[in-house]
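Novice: Here you go, sequence then predicted model.
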Amino acid sequence: MDIGPPTTTDNAPAGWVGSDSTVTLMPSDGSGSAVAITQYCTDTTNTCAPLTTGTSVLVSCPTGSTCQTYVRYRSVDNVGNSEAVKSALVRIDKAAAPTGITLTYNGKLRDKVGQRDRARDADGTIDGVFTVALSPGSANRSVTRLELRNTAIPGGIWNTQVDDSWTLGAAAGLDSPLLNAGDDSVNFVVSDGGNFKIFAADYEGRMFGNGVKFTLTVEFGDGTSASDSVRLPFFDFDGDGKSDIGIYRDGTWIIKPSGGGANIVESLGAASDIPVPADYDGDGKTDIAIYRTNGEWEIKRSSDRQVMKVGFGGPAFIPVPGDYDGDGKADIAVYLDGGVWSILRSSDGGNTVVAHGGVGWDAVAADYDGDGKTDIAVHFGGAWSILYSSDSRNPKVPFVLGHGGPAWSPIPADYDGDGRADVAVYHPVGAWSVVQSVNNTNVVYGHGGSTAEPVPADYDGDGKADIAVYFPDGASAGAWSIKRSSDNGITSVAHGGASQDLPLN
């Protein structure tokens, strides 16, 4: 006697696929009376009644669309035993590949993911948070894999695969639940032009230093991918992903945080000291620091509020801190007029000495090649000479170009947002001239004047240095005027204005 119903399985693809799919239904009745009929139906709500006979189901999706279709099925044997209706979800992504993504750093804001493999719980360390936006016109897109790379730190990789990298969380919003599956993988849909958040644990406490470059690659259900990079801003004292306005007044630091709230007021140094703010501990916040002409450095670390004192330099040296070794922390460094650079590497405590420059040449160190390391560079009367850290030749061959002139001041920064510092100069009439590294095009701006000082930085947090000036004296003393790169609007702020005030940017 046959009293048991048949059993039917399917070969529906797991996850998203990029083309139409044929689902094969495979009924079996074991030692019973054999399968008499298999029926199926398709819909998008998983509610239809299986009435069509057959075991091969073609599931299609229009070109340019993203579809999720349920195949519902059952089988009946020769004595009328019928199995319960089963279903399989087929997800097809045939939308056009997006023109690109935009990656924006939001700061260290939440604790949502852990530091160990597949650790999706809060661990007490604030994560770096980014916004990922799809280009408009990309249609709805299914995201199947994410990989974030910190280009400064070897092994600084987070992704959503189950492997030896670090967990990367994804969510629809800042406080929304993670979209990751139990094995940390992702498979979710983003609307046309929509965005989502990603969360990366700061697993060594130095992953999000000022100036560090990150690159994100997004893989989609149809096998295409898109990437974008962003460099974390300098002069970010509160760690929110935007440069802050600040002044140094005879040992008092007065910082106006871009995140809002009361001014940050700190004491370190004296009138004769030189302010040298940078992210020396690599925690994503700029540390207040001073250099004395006797070669003494004092650094108040934002990570533990302790003051570190180091002797490095002397009366004839100029402080030039930067991340020369690419470990995510600013290195103590000095430049001697005449062309001698001396760098105290934070990565291993060693000293690097390089000869580059000459008498009268200004140090203009920055990351011109975008490899995550500060490059040694000098400027004199419109002549630039740069030693790319990515140049493997020994000795390195300098990159030389002419831009500017005797009346122009060098102001290198990443104005085009490609992750590389651009050669740029400022003239006291208020003229800016920037050689964009992204396309080697010279762009000219007008902003400032004879009483203004250039203070470029990423004040709006879009990954591009903004054209900005500070007025130290006169009727406009203490005024900051920032031309936002995000929308070309102007931000005007009053901060400072005393005769001894020095802008920190």
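Specialist: Ah, there it is. Numbering: from 1, shown residues only.
Novice: where do the strands sit along the stretch 101-250 of the chain?
Specialist: 101-110, 127-134, 141-150, 157-159, 166-171, 188-190, 195-200, 213-220, 225-231, 245-249 (DSSP state E, counting those that start in this stretch).
Novice: can you list these in JSON lines and add mean neighbour count, mean pLDDT and distance to Ser476?
Specialist: The C-beta positions use only the backbone N, C-alpha and C, and glycine is treated the same way. Putting these into JSON lines (neighbours: other CB atoms under 10 Å; pLDDT from 0 to 100; distance: least, CB to CB, whole Å) gives the following:
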{"stretch": "strand 101-110", "mean neighbour count": "20", "mean pLDDT": "91", "distance to Ser476": "31"}
{"stretch": "strand 127-134", "mean neighbour count": "22", "mean pLDDT": "94", "distance to Ser476": "35"}
{"stretch": "strand 141-150", "mean neighbour count": "22", "mean pLDDT": "93", "distance to Ser476": "40"}
{"stretch": "strand 157-159", "mean neighbour count": "21", "mean pLDDT": "89", "distance to Ser476": "45"}
{"stretch": "strand 166-171", "mean neighbour count": "24", "mean pLDDT": "90", "distance to Ser476": "44"}
{"stretch": "strand 188-190", "mean neighbour count": "19", "mean pLDDT": "95", "distance to Ser476": "45"}
{"stretch": "strand 195-200", "mean neighbour count": "23", "mean pLDDT": "96", "distance to Ser476": "38"}
{"stretch": "strand 213-220", "mean neighbour count": "21", "mean pLDDT": "93", "distance to Ser476": "35"}
{"stretch": "strand 225-231", "mean neighbour count": "20", "mean pLDDT": "91", "distance to Ser476": "31"}
{"stretch": "strand 245-249", "mean neighbour count": "24", "mean pLDDT": "98", "distance to Ser476": "15"}
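Novice: mind checking which of these is nearest Asp43?
Specialist: strand 188-190 (18.4 Å; CB to CB).
Novice: The closest one pairs with which strands, parallel or anti?
Specialist: strand 141-150 (antiparallel) (DSSP bridges).
Novice: Could you check how far the partner strand is from the centre of its chain?
Specialist: 13 Å (CA atoms, centre = their mean, to the nearest Å).
Novice: and the angle from that strand to strand 166-171?
Specialist: 140 degrees (axes from the mean of the first three to the mean of the last three CA atoms, to 10 degrees).
Novice: what helix or strand is Ser481 on?
Specialist: strand 479-483 (DSSP states H and E).
Novice: which residues touch that strand?
Specialist: Applying CB atoms under 8 Å, 6 or more residues apart in numbering, the external contacts of strand 479-483 come out as 245, 445, 447-448, 452, 455, 459-460, 466-471, 489-495, 497, 503.
Novice: Any of those buried? List them.
Specialist: Among the contacts of strand 479-483, those scoring as buried are 245, 447-448, 452, 455, 459-460, 466-471, 495, 497, 503 (criterion: 16 or more other CB atoms under 10 Å).
Novice: Quick check: end-to-end length of stretch 365-372?
Specialist: End-to-end span of stretch 365-372 (CA to CA, to the nearest Å): 13 Å.
Novice: Residues contacting it, please?
Specialist: Residues contacting stretch 365-372 (CB under 8 Å, 6+ apart): 150-152, 211-213, 231, 320, 322-324, 326, 333, 373-377, 386, 388-390, 399, 412-413, 418-421, 423, 437.
Novice: Would you mind confirming that Ser258 is in contact with Gly239?
Specialist: No. Taking contacts as CB atoms under 8 Å, Ser258 lies outside contact range of Gly239: 10.2 Å.
Novice: Give me the distance from stretch 286-301 to the chain's centre.
Specialist: 28 Å.
Novice: now do the same end-to-end measure for that stretch.
Specialist: Start-to-end, stretch 286-301 (CA to CA) is 8 Å.
Novice: now the protein, which segments are flagged as low pLDDT?
Specialist: 1-2, 97-99, 115-119, 152, 154, 162-165, 204-205 (pLDDT under 70).
Novice: ranges for the helices of it?
Specialist: Taking DSSP state H as the criterion, the chain contains no helices.
Novice: Break it down into its domains, please.
Specialist: 7-93, 101-231, 252-311, 403-505 (automatic domain parsing).
Novice: In a markdown table, list these along with distance to Gly357.
Specialist: Listed next are these as a markdown table, based on distance: least, CB to CB, whole Å:
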| stretch | distance to Gly357 |
| --- | --- |
| domain 7-93 | 55 |
| domain 101-231 | 22 |
| domain 252-311 | 19 |
| domain 403-505 | 13 |
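Novice: Not counting sequence-adjacent ones, nearest residue to Asn351?
Specialist: Leu344 (5.8 Å; CB to CB, 6 or more residues apart in numbering).
Novice: For the one you found, name its beta-bridge partners.
Specialist: Ile332, Asn351.
Novice: ok, it touching Met308?
Specialist: No. Using CB under 8 Å, Leu344 is not in contact with Met308; the gap is 11.7 Å.
Novice: So for those two, which residue has more residues nearby?
Specialist: Leu344 (19 against 15; other CB atoms under 10 Å).
Novice: doesn't Tyr335 make contact with Ala316?
Specialist: No. If you go by CB under 8 Å, Ala316 and Tyr335 don't touch, sitting 9.9 Å apart.
Novice: more neighbours, those two?
Specialist: Neighbours per residue (other CB under 10 Å) separate Ala316 from Tyr335, with Tyr335 holding more: 26 against 13.
Novice: which one is that one nearest to, not counting chain neighbours?
Specialist: Ala363 (4.1 Å).
Novice: Distance of that neighbour relative to Asp375?
Specialist: 11 Å (CB to CB, to the nearest Å).
Novice: Kindly state the beta-bridge partners for Thr24.
Specialist: Under the criterion used (DSSP bridges), Thr24 bridges to Ser56.
Novice: ok, how many other residues are close to it?
Specialist: By the measure other CB under 10 Å, the count of residues near Thr24 is 11.
Novice: so how far is the longest strand that the chain contains from its chain's centroid?
Specialist: Determined from DSSP state E, the single longest strand within the chain is strand 66-77. Centroid separation for strand 66-77 versus its chain: 42 Å, with CA atoms, centre = their mean.
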